[in-house]
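> 3D, please:
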Amino acid sequence: MKRPTRILTLALSLLMLLTTVSLSFTSCSETKSGGDTTTAATDVGDTTTAEEVKSKYDVGDNVPDTLKYNSEVITIISRSRDWVKDEVSVEDDDGGTISGAVMRRNKVVENRLGVVIDNTKIDGDQYAVSEIIRNQSKTGHQYDIFANSVYSTIMYTTENCFANLASLEYLDLSRPYWSQGFNEAASIGNKQYFCTGAIALSSYRFIFATFFNVDMFKDVPDTPDLYQTVNDHKWTIDYQIELSSKFWKDSDANGVTSEDDVCGFVSNCDMIGVDSYWSAFKLPILTKDADNYLQYSLDIERTVNAVEKMQKLFWDTEGAIGIAHKSSDGEQADISKKFSENTAAMVTLRIIETEGEYLRSMSQTYGIVPIPMLDEEQDGYHSYAHDQMTAFGIANTTPYDRREMLGAFLEVMASESYRVVTPAYYEVALKSRYAKDPASWEMLDLITENLYIDPGVLYTKKISSVHQKFRDIVGGKQGGIATRFKQLERTVVNSCNALNEGFRTLTDD
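Numbering: from 1, shown residues only. Presented below is the predicted three-dimensional model:
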């Protein structure tokens with residue numbers, strides 16, 4: 001088994017990355033033409049330059065340094081909700097790694113382009129921002145750029161509320177700081193109206209993963225090295241079912257698995273906790289045709305198999321338990337609390353929970369691996385990002401003479417996020433501060449680099465909310481799975497056709 005060597009290698013790699021991150025913070029405003037960054041040499045006596053200690057974050061953009069906009073104010077509207085309120089701007093540097101990085105990024109962006117960032121944060125539900133953008137055609141243009149949850153905004157694409165990002169000169173969505181999986185799902189025909197990636201911390205925070213208690217795994221005989229199981233392509237839901245019963249202790253002596261017991265697996269069973277299996281099992285709802293338009297592609301036989309295994313895990317496995325949804329995703333805190341109390345060996349959570357009080361104060365070590373595959377025949381591990389992750393776009397009420405500037409702004413905002421904010425969050429805060437088991441760092445890369453974003457999830461509200469059906473079927477222990485999905489087919493196909501017709505009629509004004 002090669003795990004100790006891998007851990008040492010990962011630890012040395014992180015040390016090198018932390019050195020590079022520290023250097024990039026102090027020199028990120030020194031930018032060559034074309035956006036390539038340079039840094040000064042290290043301390044006297046060390047002849048190694050930061051250019052020689054490259055990391056994957058050393059990526060420039062193609063926005064020239066000569067591009068200046070004479071202190072133009074760029075108006076942005078975003079959410080004030082927890083976990084996303086620090087993505088676009090922070091009010092002050094509270095000494096935290098992330099807030100400091102966001103402030104530095106914004107200062108670099110303003111200096112590079114000669115602009116002023118004016119970000120308004122909106123209270124309210126997920127639709128508050130999208131409603132303001134939709135109504136600007138009636139109330140008058142106020143905000144140039146919006147940053148909002150993707151599912152509650154993209155559904156209005158056919159209303160011609162958003163500008164085509166693919167037509168903007170300086171916005172290069174093929175660059176590594178933009179999510180290519182999102183681009184593939186969100187683009188329609190030869191146009192694209194939304195983008196995300198390093199520019200949005202939620203594109204990392206909202207990814208689901210399996211957290212496991214490393215110490216509990218060591219204490220129970222005949223439990224595997226879960227990291228090796230993943231690397232051997234054997235981490236499946238059947239494997240998780242088999243493991244779950246090994247940890248069960250009937251603490252309340254009632255003969256059935258309950259929340260008071262020591263459990264093998266705990267997750268939400270009727271809301272966002274089951275949404276993640278669409279991606280983890282690679283069950284596409286919508287795909288694209290040859291012209292990059294939507295088509296219904298659900299494999300009902302594979303979907304039935306998936307649901308049956310999910311129901312077996314949640315309802316027919318000793319030591320596994322499903323926790324019902326609470327308002328504002330409160331069940332995520334309940335699952336985190338149980339996990340932190342060392343009474344759950346495995347849980348499904350979003351990565352943001354590493355920042356919460358329960359996991360930060362956890363006395364035992366936890367590890368992170370992907371959500372398991374449906375079976376070993378699957379092509380690999382895939383990850384799901386909660387559809388509340390932030391996507392950026394430009395309002396279609398924005399005058400044309402401002403759009404070049406806004407494209408350049410989004411590009412520089414994303415590239416500087418990748419150089420400054422992403423390593424501060426992902427390499428420093430997440431890996432070295434929150435996920436303290438070095439073997440998890442490799443797994444985090446596997447998880448975050450293999451997002452599977454389904455257009456059927458993005459446009460779910462326009463196609464009878466197909467991807468939310470797992471919530472009712474699994475949470476409600478429903479049967480007749482094939483019939484339920486077959487009954488949706490005609491409606492979803494018609495909805496796809498209507499969406500495609502709407503996309504084809506869109507204009508850029």
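> Quick one: low-confidence residue ranges for the stretch 401-509 of the chain.
In the prediction, the stretch 401-509 of the chain carries residues with pLDDT under 70 at positions 508-509.
> For the residue nearest to the spatial centre of the chain, give me the pLDDT.
Among the residues of the chain, the one closest to the centroid is Ser203, at 3.2 Å (CA atoms, centre = their mean). Per-residue confidence (pLDDT) for Ser203: 96.
> quick one, helices of the stretch 151-300 of the chain?
Remark: helices assigned in the stretch 151-300 of the chain by DSSP state H, counting those that start in this stretch are 151-154, 180-186, 202-205, 214-219, 226-231, 237-244, 272-275, 277-280, 300-315.
> how far does the fourth one sit from the chain's center?
By that I understand helix 214-219. Distance, stretch centre to chain centre, for helix 214-219: 28 Å (CA atoms, centre = their mean, to the nearest Å).
> who touches it?
For helix 214-219, the surrounding residues in contact (CB atoms under 8 Å, 6 or more residues apart in numbering) are Thr223, Pro224, Leu226, Phe247, Asn342, Ala345, Gln364, Thr365, Tyr366, Gly367, Asp437. Any C-beta I mention is one placed from the backbone N, CA and C, and that applies to glycine too.
> Which one of these is nearest to Phe265?
Nearest to Phe265 out of the contacts of helix 214-219 is Ala345 (CB to CB; 7.1 Å).
> Dump the strand or helix carrying that closest one to PDB, restricted to CA.
Ala345 belongs to strand 344-350 when assigned by DSSP states H and E. This file holds the C-alpha atoms of strand 344-350, laid out as PDB (Å, rounded to 0.1, in the frame of the first residue of the first chain):
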ATOM      1  CA  ALA A 344     -21.700   8.800  12.300                       C
ATOM      2  CA  ALA A 345     -19.000   7.000  10.400                       C
ATOM      3  CA  MET A 346     -20.000   8.500   7.000                       C
ATOM      4  CA  VAL A 347     -22.200  11.500   6.000                       C
ATOM      5  CA  THR A 348     -23.100  13.300   2.800                       C
ATOM      6  CA  LEU A 349     -22.500  17.100   3.100                       C
ATOM      7  CA  ARG A 350     -21.600  20.100   1.000                       C
END
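> Next, the angle from that strand to helix 237-244.
Taking axes from the mean of the first three to the mean of the last three CA atoms, to 10 degrees, one finds strand 344-350 and helix 237-244 inclined to each other by 140 degrees.
> roughly how far is the next helix or strand after strand 344-350 from the heart of the chain?
With elements assigned by DSSP H and E, the helix or strand that comes after strand 344-350 is helix 357-360. Relative to its chain's centre, helix 357-360 lies at 20 Å (CA atoms, centre = their mean).
> Tell me which strands the following helix or strand past helix 357-360 pairs with, and in which orientation.
Downstream of helix 357-360, the next assigned helix or strand under DSSP H and E is strand 366-369. Taking DSSP bridges as the criterion, strand 366-369 pairs within the sheet with strand 208-213 (antiparallel).
> What average pLDDT does the strand holding Ala345 get?
Mean pLDDT, strand 344-350: 98.
> swap in stretch 58-68?
Mean predicted lDDT for stretch 58-68 stands at 94.
> May I have that stretch as PDB, with CA atoms only?
Extracted in PDB, the C-alpha atoms of stretch 58-68 (Å, rounded to 0.1, in the frame of the first residue of the first chain):
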ATOM      1  CA  ASP A  58      -0.100  30.800 -12.400                       C
ATOM      2  CA  VAL A  59      -2.400  31.500 -15.300                       C
ATOM      3  CA  GLY A  60      -2.600  34.800 -17.000                       C
ATOM      4  CA  ASP A  61      -5.500  36.300 -19.000                       C
ATOM      5  CA  ASN A  62      -5.600  38.100 -22.400                       C
ATOM      6  CA  VAL A  63      -6.800  41.500 -21.200                       C
ATOM      7  CA  PRO A  64      -4.100  44.100 -22.000                       C
ATOM      8  CA  ASP A  65      -2.800  46.300 -19.300                       C
ATOM      9  CA  THR A  66      -3.400  49.300 -21.500                       C
ATOM     10  CA  LEU A  67      -7.200  48.800 -21.300                       C
ATOM     11  CA  LYS A  68      -8.400  51.500 -18.900                       C
END
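> Okay, buried residues for it please.
For stretch 58-68, burial by neighbour count (16 or more other CB atoms under 10 Å) applies to Asp58, Val59, Asp61, Asn62, Val63.
> In a markdown table: the residues you listed, plus secondary structure and distance to Gly264.
Below are those laid out as a markdown table (DSSP: H, G, I helix; E, B strand; the rest coil; distance: CB to CB, whole Å):
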| residue | secondary structure | distance to Gly264 |
| --- | --- | --- |
| Asp58 | coil | 42 |
| Val59 | coil | 42 |
| Asp61 | coil | 47 |
| Asn62 | coil | 50 |
| Val63 | coil | 51 |
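> which two from the residues you listed end up farthest apart in space?
Asp58 and Val63 (16.4 Å).
> what ranges do the strands span in the stretch 351-500 of the chain?
Using DSSP state E, counting those that start in this stretch, the strands found in the stretch 351-500 of the chain span residues 366-369, 390-394.
> So which of the helices of the stretch 151-300 of the chain is nearest Gly502?
Using CB to CB, the helices of the stretch 151-300 of the chain put helix 151-154 closest to Gly502, at 12.3 Å.
> for the protein, which spans come out with low pLDDT?
Looking at the chain by pLDDT under 70, you get 1-54, 508-509.
> again, only this time at 80
Within the chain, the ranges that satisfy pLDDT under 80 run 1-55, 93-95, 432-433, 436, 508-509.
> mind listing what the closest residue to Asn342 other than its chain neighbours touches?
The shortest distance from Asn342 to any non-neighbouring residue, by CB to CB, 6 or more residues apart in numbering, is to Gln364 (5.5 Å). Contact analysis of Gln364 by CB under 8 Å, 6+ apart lists Asn213, Val214, Asp215, Met216, Asn342.
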